[in-house]
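>>> Okay, here's the prediction I keep looking at, along with the sequence it came from:
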Amino acid sequence: MAHIYDSTDSGQRKIMADEKNQTGAEAAGEQEETTEQAQQQADQDTDAEAVDELLEEVEEVQADDLEAQVAERTAELKDQMLRSLAEVDNVKRRAARDVENAHKFAVEKLINDLFPVLDSLEKAVETAAGTEGAEAIAEGVSLSLKLFVDTLGKSGVEQIDPLGEPFDPQLHEAMTMVPNPDAEPNSVMDVMAKGYTLNGRLVRAAKVIVVKG
């Protein structure tokens, strides 16, 4: 009977030990599972932080890129505006210059048509001055010519009479060149037809004979 009791008691203790071990194992397993879950949560938190940082970097890059695009577009619009203003200013200046030229040179065609009349009057003065007994005619034609030239002068017409002056190809047209030891080389020896300017613009060059150098 004692042997049976001892065996039963031993078995109970074994069962109790097994249960204790099983409980410990279960506890260890639960602790390990908890640790694993905690690690997974920590990993998830780390991944979330990394994602948040990445999103912040992307947003910063996008903001910087947008700011750069806005600045670039603003510079382009400013440049276009300045160019437009400059073009408008140029148009205004050209229009003002055209209007001014229209006032200054509106009579240019009329002046060109009057040059043959002036030439004829000058020839008449020369002819009358060289004709005996025609002094009064020469004086009268000369006064008419002077009045004509003075009237044209009120419209900005100036006469070019370069006799004895150095030859200027911008104002004079050399019809011929002749030697003349008594005159300066490359000077105007004779004026065949006087020249004229209109408000500073040459409308007819003086036709001259130049001393050969």
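The structure has been received and is ready for your questions.
>>> Just to check, Ser142 is in contact with Val125?
Yes - if you go by C-beta atoms under 8 Å, Ser142 and Val125 touch, sitting 4.9 Å apart. In this view, the C-beta of every residue, glycine as well, is placed from N, C-alpha and C.
>>> which one of the two has more residues nearby?
For Ser142 versus Val125, neighbours defined as other C-beta atoms under 10 Å are more numerous around Val125 (20 against 17).
>>> who does the helix or strand hosting the more buried one touch, helix- and strand-wise?
Taking DSSP states H and E as the definition, one finds Val125 inside helix 108-129. Using 3 or more C-beta pairs under 8 Å, 6 or more residues apart in numbering; DSSP states H and E, the elements in contact with helix 108-129 are helix 135-153, strand 195-198, strand 201-204.
>>> Break down the protein into its strands, ranges please.
Remark: strands assigned in the chain by DSSP state E are 157-160, 172-178, 188-193, 195-198, 201-204, 206-211.
>>> Same list (these) but as a markdown table, adding mean neighbour count.
Shown next, in a markdown table, are the strands of the chain (neighbours: other C-beta atoms under 10 Å):
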| stretch | mean neighbour count |
| --- | --- |
| strand 157-160 | 17 |
| strand 172-178 | 15 |
| strand 188-193 | 18 |
| strand 195-198 | 20 |
| strand 201-204 | 16 |
| strand 206-211 | 22 |
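>>> Just send those strands back as CSV, with distance to Asp64 and mean pLDDT too.
CSV is the format used below for the strands of the chain (distance: least, C-beta to C-beta, whole Å; pLDDT from 0 to 100):
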stretch, distance to Asp64, mean pLDDT
strand 157-160, 69, 93
strand 172-178, 71, 94
strand 188-193, 76, 94
strand 195-198, 64, 94
strand 201-204, 60, 94
strand 206-211, 73, 95
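>>> Which one of these lies nearest to Arg97?
Arg97 lies closest to strand 201-204 among the strands of the chain, at 13.2 Å (C-beta to C-beta).
>>> Can you give me the buried ones in stretch 94-114?
Neighbour counts over stretch 94-114 (16 or more other C-beta atoms under 10 Å) mark Val107, Glu108, Ile111 as buried.
>>> Just give me the least confident of those.
Within the set of those, pLDDT is lowest for Val107 (80).
>>> just to revisit the earlier point, tell me which of the buried residues of stretch 94-114 is nearest to Val91?
Glu108 (24.4 Å).
>>> can I assume the closest one is in contact with Tyr196?
No - Glu108 is not in contact with Tyr196 according to C-beta under 8 Å; the separation is 10.3 Å.
>>> Residues that sit against both of the two, list them.
Common contacts of Glu108 and Tyr196, defined by C-beta atoms under 8 Å, 6 or more residues apart in numbering, comprise Val203.
>>> returning to that earlier point: can the buried residues of stretch 94-114 go into TSV with extra columns for distance to Arg93?
Shown next, in TSV, are the buried residues of stretch 94-114 (distance: C-beta to C-beta, whole Å):
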residue	distance to Arg93
Val107	24
Glu108	22
Ile111	27
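>>> Kindly report the domain assignment for the protein.
Using automatic domain parsing, the domain parsing of the chain gives 43-106, 107-155, 157-213.
>>> Relative to Glu59, which of the strands of the chain is closest?
strand 201-204 (68.1 Å).
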